[in-house]
Each structure stands twice: as C-alpha cells, then as structure tokens.
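**Student:** Sharing a model that was predicted from the sequence below.
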Amino acid sequence: MKFTPSCTICSLLALIVLVGCGKQADAPAAAAGPVKIKFQTDWYPQPEHGGYYQALAKGYYAEEGLDVEILPGGPNAQVMTSVAVGRADLGMTDGDDVIVAVARGVPIKMVGAEMQRNPQGILFHVEHPLHSLKDLQGRTLMAGAGSAWTEVLRKKMGIEFTLLPLVGDLARFMNSTEFVQQCFVTHEPYFAKQRGANVGALLIAGDTYEPYRVMFTGRVFLAKHPGVVEKFVRASVRGWVDYLTGDPAPANALIVAKDNTMTPEFMAYSIKAMNDYKLVSGDPAKGEFAGQLTAARLEKQIKLLQEVGVLDKPVAVEDVATFEFIPKQSSH
C-alpha cells in the first residue's frame, strides 16, 4: 500500500487525454455466463487485500454471476490510471486520493468502503512514545512526499516537524529510538518487532482526519454497468466480513500461492491488527459497518483537503462517490 503523490495524478490526466482520442475501453458486455471483471489492487497480494481473495475463494463473486480477476499491484501499480482508462474495471485506493483526483478531472468515483479507517500510522519506539499526533511537535518524521495527512498536521492542527522522504525499509528506524516513520499498522510493526525493537503504532486517522480506504470505478463503467458494480461491492463486503470474523484460510491460501513470502505468523498479525483497530468494521457505537460510506464524512474530508490546499478546485460529495451500492448492514 502506498500514498499516491500528486505527480502521478498529473501523469494520469495526460494518459486519459490520449486514451480519449482513441477507442474508449469497453466494459464487459452482457452475455450468458459470468461477467468477467478485472479488479486492480494497490500492492502485492497481502492480508490487507484479504476480503477480496476470500470472496474469490469462497465463491461469493461467482454467486453474484461475476468472474473476478484480481490484478496484483506493486510500486508502479497506478491503480487510478488503470481504472480511469479501462485497463481494470474497479480498483482500491485511499479515499482522499480519489477526492484529489476527481478535483483534477479524473473520471472515477467511490462505490464503497474497503476500510472505515485508513491503516496508515506512525511507527515509534516505546522509549520515546507517541500518545497522540500532537507528540510529533518538534520531532523528525519520515513520511511519503506529498501526503495529504502531513499537510493536515501542519496547516490544520498546527504541528511542526521535520519531514524526511520515506524509504522502503526500517534501517534508519532501527538505528535510533527517537526516530518515527510512516507505516501501516498492519505491517511494519510486525517486522520491527521481529528485529528486536520495542515498538508501538499510532493510527493517523482520528476525529480531525479520518479517510476511508475505498473501492472505486470509472464513470463510464459505472454508467454502463451499475448492476455489476453493485454485485461486486456486495460480494467484496461479504468477503471482508467473513475474512475477519470467520476462517481466513481460503483467502490466505490464494495469497500465499501468489506471494510465498507471506508467513502464517505475519498474516495472523495483520488480521489481528485490522480487527483491533476496527479498520474494516468501523465503530458500531458510531453506526459504522463494513462497506459503509457516508456523505457527512466525505463532505468533512473534502472541506479539510480544500482548507489545507490539496484540492485544485472545489468538488461536491456527489462528484466523488455514489451511495447506492452500500450494503445496509455488515453481515450477510
């Protein structure tokens, strides 16, 4: 998983223009038999994609009449590009990435939540703990360049820190107990502990900044095939609930078959973290459930991103999301 820098969106817009001059990528045609769907993930197969693999392994997509191919991502996945130009039919990414892209004219739309809380966090050594985001005041933080949340910390919350570009390893973190860096709470803490560090992780999402992880599709695909999108969202949410509350073995077997570096211990850690932080299920006390998107939260997010100068132009909630495919409850 990764945060998409603004330069990627600029490249995406240029590519959309080129594709628009030629033949528009077409969605699967209605035909007898399962509808073929390509779903693009943002990274290599991992437990953070487990709900989709569970839906595939348990036949939830097949029950909806869908033949889903999960396309693994990686460092150059370009999920929004793939969906916007029709190389993939649906994808998953950070909700604020979609908002920023839509404000720049990218023809995509959220159709459901993968996670109620983004799993991005800040990894710290317990010798120098972070109890809240305010404890970043005066610290040196390694994080992704162009991340919207760092702008929120500075411009909205008034927290001053020194920012270092994020690199893809824990070497610098392991060399200093005062060092803090961006992480996924489902991932890096496990490997830091494996290397002997006594660590904790603070979730970035909170009352001020609470981005979703989302499923999204292209506007053309959505207009042509709303029923297909509805079925995909329904089966995916069902897969997520089953993966995190039932037996995850079917999905894990598919994940390991695609990436044999995934160990049972790491996958168990990631699943536990997703449940402990209520990333997918959300907080029932707030009326949250798996798959849910709300207009109120998205409106708050849009206003926040505009306030900190991340959006190129104002956008409305209906520009970035549709709510017609959200399951009414998290159990099936």
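**Tutor:** That came in fine, so what should we check first? Numbers count the residues shown, from 1 in each chain.
**Student:** what does the domain assignment say about the protein?
**Tutor:** Per automatic domain parsing, the structural domains of the chain span 6-118+211-320, 120-203.
**Student:** quick one: Val68 is in a helix?
**Tutor:** No. Under the criterion used here (DSSP: H, G, I helix; E, B strand; the rest coil), Val68 is strand, not part of a helix.
**Student:** Nearest to Lys328, out of the domains of the chain?
**Tutor:** Lys328 lies closest to domain 6-118+211-320 among the domains of the chain, at 8.6 Å (C-beta to C-beta). In short, each C-beta sits where N, CA and C put it, glycine included.
**Student:** Buried residues of stretch 110-126, list them for me.
**Tutor:** Buried residues in stretch 110-126, counted by 16 or more other C-beta atoms under 10 Å: 110-125.
**Student:** of all those residues, which comes closest to Leu141?
**Tutor:** Ile122 (7.2 Å).
**Student:** For the closest one, which non-adjacent residue is spatially closest?
**Tutor:** Setting aside the residues directly before and after it, Ile122 is nearest to Leu202 in space (C-beta to C-beta, 6 or more residues apart in numbering), at 4.8 Å.
**Student:** now swap in Leu279 and tell me
**Tutor:** The nearest residue in space to Leu279 (C-beta to C-beta, 6+ apart) is Met115, at 4.6 Å.
**Student:** List the beta-bridge partners for the one you found.
**Tutor:** On the basis of DSSP bridges, Met115 is bridged to Arg213.
**Student:** does the residue nearest to Ile122 sit in a helix or strand, and which one?
**Tutor:** Here Leu202 sits within strand 199-203, counting by DSSP states H and E.
**Student:** Check which helices and strands that strand sits against.
**Tutor:** Other elements packing on strand 199-203 under the criterion 3 or more C-beta pairs under 8 Å, 6 or more residues apart in numbering; DSSP states H and E are strand 120-125, helix 188-194.
**Student:** C-terminal to the shortest one, what's the next element?
**Tutor:** The helix or strand immediately downstream of strand 120-125 is strand 140-143, counting by DSSP H and E.
**Student:** pLDDT averaged over the following helix or strand past that next one, what's the number?
**Tutor:** Following strand 140-143 in sequence order, the next helix or strand is helix 148-151 (DSSP H and E). Averaged across helix 148-151, pLDDT comes to 90.
**Student:** Who does the helix or strand just after helix 148-151 pair with, and is each partner parallel or antiparallel?
**Tutor:** Note on helix 148-151: by DSSP H and E, the next helix or strand toward the C-terminus is strand 162-165. Strand 162-165 has the following strand partners under DSSP bridges: strand 140-143 (parallel).
**Student:** can you list contacts of the partner strand?
**Tutor:** 122, 150, 161-167, 172-173, 178-182 (C-beta atoms under 8 Å, 6 or more residues apart in numbering).
**Student:** list the buried ones in it?
**Tutor:** Using 16+ other C-beta under 10 Å as the test for burial, strand 140-143 gives Leu141, Met142, Ala143.
**Student:** Alpha carbons only: can I get it in PDB?
**Tutor:** Taking Å, rounded to 0.1, in the frame of the first residue of the first chain, the C-alpha atoms of strand 140-143 are listed here in PDB:
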ATOM      1  CA  THR A 140      11.700  14.300  12.800                       C
ATOM      2  CA  LEU A 141       9.200  12.200  10.800                       C
ATOM      3  CA  MET A 142       9.900  10.100   7.700                       C
ATOM      4  CA  ALA A 143       6.800  10.000   5.600                       C
END
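**Student:** Neighbours of Gln137, how many?
**Tutor:** 12 (other C-beta atoms under 10 Å).
**Student:** again, but for Lys36
**Tutor:** Neighbour count of Lys36, defined by other C-beta under 10 Å: 15.
**Student:** Can you pull the phi and psi angles for it?
**Tutor:** phi -80, psi 130 (degrees, to the nearest 10).
**Student:** Also the one 10 residues further on?
**Tutor:** Note on Gln46: backbone dihedrals following degrees, to the nearest 10 are phi -160, psi 170.
**Student:** For Gly200, name its beta-bridge partners.
**Tutor:** Beta-bridge partners of Gly200, as defined by DSSP bridges: Phe124.
**Student:** mind listing what it touches?
**Tutor:** By C-beta under 8 Å, 6+ apart, the contact list for Gly200 reads Leu123, Phe124, His125, Val126, Pro129, Leu130, Pro189.
**Student:** So which of these is the closest to Gly50?
**Tutor:** Pro189 (17.8 Å).
**Student:** Figure out the helix or strand that Phe221 lives in.
**Tutor:** Going by DSSP H and E, Phe221 is in helix 219-224.
**Student:** Where does pLDDT dip in the chain?
**Tutor:** Applying pLDDT under 70 to the chain flags the ranges 1-32, 329-332.
**Student:** Longest helix of it, counting residues only.
**Tutor:** helix 226-245 (DSSP state H).
**Student:** right, and the helix or strand after that helix?
**Tutor:** Past helix 226-245, further along toward the C-terminus, the next helix or strand under DSSP H and E is helix 249-258.
**Student:** I'm done for today, thanks for sticking with me.
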